[in-house]
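[1] Give the three-dimensional model of this entry:
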Amino acid sequence: MTAAGATADIVLADWGTTSLRAWALDRQGNLLDERRSDSGMGTLSRDQYAPELQRHLSVMGVPDETPVLICGMAGAAQGWQEAPYIEAPTDFAALADGAITIAGQAQVGQAQVGQAQVGQTRDIRILPGIAQRDSARPDVMRGEETILHGLVCNGVQDGTVCLPGTHSKWADIAGGRLDGFRTMMTGEMFALLGDRSILRHTVMSGGWSDDDFITAVGEAHADPSRALAGLFGLRAGPLLFGDAVPHGASRLSGLMIGAEIASCLHSDGKPLHLAATGKMAAHYAKALTGLGIGFDMVDAELAVRTGLFDIASILWPERIPQRPQGGTTE
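    Numbers count the residues shown, from 1 in each chain. Okay, the predicted model is just below:
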């Protein structure tokens, strides 16, 4: 067990469908300790959230009086406790107003964590998601709004933000406010087609080719209809030409990402910010670079932590001093 969290003034958590990331910070935003797990909304029942969180807090040695601020799917109707959506367009400060407190100031525990019996009361709050109640463009997000707020805290006042993922988000920021957004199911469609459709044999075989990926991105971006029309060619090509066809996964990914960029990115002169980490960041960066589109790369994990920390300074000003805009939690 580490003692790093013993001086923690706040714990921040991004609790999504598939994972939990938790960070213990001091009042200046310095990272003291962190924990990660695959225990997301998809694997937890409602009564499992409290002991799961306390397990990580205990390992980090976080004091009982240290509050916790959470964003993401823990606040969904199927999560720990529902945090109702606020509505776009919106100022990001409204996230603090919409934060909910886990019922009864959260009895975190009544579970065995190691050899210690847990039963303390802790102040735990969950941030709301954002809904776009437009009948022509209905949309929702949970978790991404906190990344966007982190970008605004770090100086982004106007621009388009691409947040790749299973359900990619494209958000418009104007005057430091969320003006609107759009969700694309690119990642989920890639997984479904690659795992369950007739294309699975093509997609699962062979390796990855950056050249084939970039070529497919360009084709779909120039004519998004080719992303759909060209799908069966991924099956027919190997039957007719064998090894002469591009790598299936590379081409499928390129077709879908190219079409997504064409559909969501408009030539309005606004700066583009790519907020992502890992493999997804690399794919989108290659796609945009191949298309000759300039962008600013943003670490999504640092941005969500920055956004959470800023909201925490509004909710617990006695613990965390308000920071000037443009700071980070590094």
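[2] drop to CA atoms for contacts and neighbour counts, all remaining ones
    Will do.
[3] Let's verify D14: helix, strand, or coil?
    Taken by DSSP: H, G, I helix; E, B strand; the rest coil, the conformation at D14 corresponds to strand.
[4] Tell me who's in contact with P89.
    Going by Cα atoms under 8 Å, 6 or more residues apart in numbering, P89 touches Q132, R177, L178, D179, G180.
[5] Can you flag which of those belong to strands?
    With DSSP state E as the criterion, strands contain Q132, R177, L178, D179, G180 from among these.
[6] T186 against S168, yeah?
    Yes. Counting by Cα atoms under 8 Å, S168 is a contact partner of T186 at 6.7 Å.
[7] Please tell me which one of the contacts of P89 counts the most neighbours.
    L178 (23 neighbours; other Cα atoms under 10 Å).
[8] can you give me the helices for the protein?
    49-60, 94-97, 103-106, 144-153, 186-196, 200-204, 210-222, 225-229, 233-241, 248-264, 278-290, 300-315 (DSSP state H).
[9] okay, those, which one's buried deepest?
    helix 144-153 (a mean of 26; mean count of other Cα atoms under 10 Å).
[10] Closest to the centroid, which residue in this protein?
    E144 (4.9 Å; Cα atoms, centre = their mean).
[11] Provide a list of residues in contact with it.
    G72, L163, K169, V304.
[12] tally of neighbours for the third one?
    K169 is flanked by 23 other residues according to other Cα under 10 Å.
[13] returning to that earlier point: how about the helices of the chain in CSV, adding distance to Q81?
    Shown next, in CSV, are those (distance: least, Cα to Cα, whole Å):
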stretch, distance to Q81
helix 49-60, 10
helix 94-97, 16
helix 103-106, 8
helix 144-153, 18
helix 186-196, 25
helix 200-204, 37
helix 210-222, 40
helix 225-229, 39
helix 233-241, 43
helix 248-264, 32
helix 278-290, 29
helix 300-315, 18
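[14] Comparing those helices, which yields the minimum mean pLDDT?
    Mean pLDDT is lowest for helix 103-106 among the helices of the chain, at a mean of 55.
[15] next one: phi and psi at the closest residue in space to D47 that isn't next to it in sequence?
    Nearest residue to D47, sequence neighbours excluded (Cα to Cα, 6 or more residues apart in numbering): W80, at 7.5 Å. Backbone geometry at W80, expressed as degrees, to the nearest 10, gives phi -70, psi -60.
[16] can you offset everything so residue one is 760?
    Got it, the first residue is 760 from now on, which makes the last one we talked about W839.
[17] W839 and T802, how far apart?
    12 Å (Cα to Cα, to the nearest Å).
[18] Of these two, give the one with the bigger neighbour count.
    W839 (21 against 11).
[19] In the stretch 760-909 of the chain, where is pLDDT below threshold?
    For the stretch 760-909 of the chain, the stretches flagged by pLDDT under 70 are 760-762, 863-879.
[20] how about 90 then?
    760-765, 862-880 (pLDDT under 90).
[21] what are the ranges of the strands in it?
    All strands of the stretch 760-909 of the chain, identified by DSSP state E, counting those that start in this stretch, fall at 769-774, 779-784, 790-796, 827-830, 845-846, 849-850, 859-860, 871-872, 875-876, 883-885, 889-891, 898-900.
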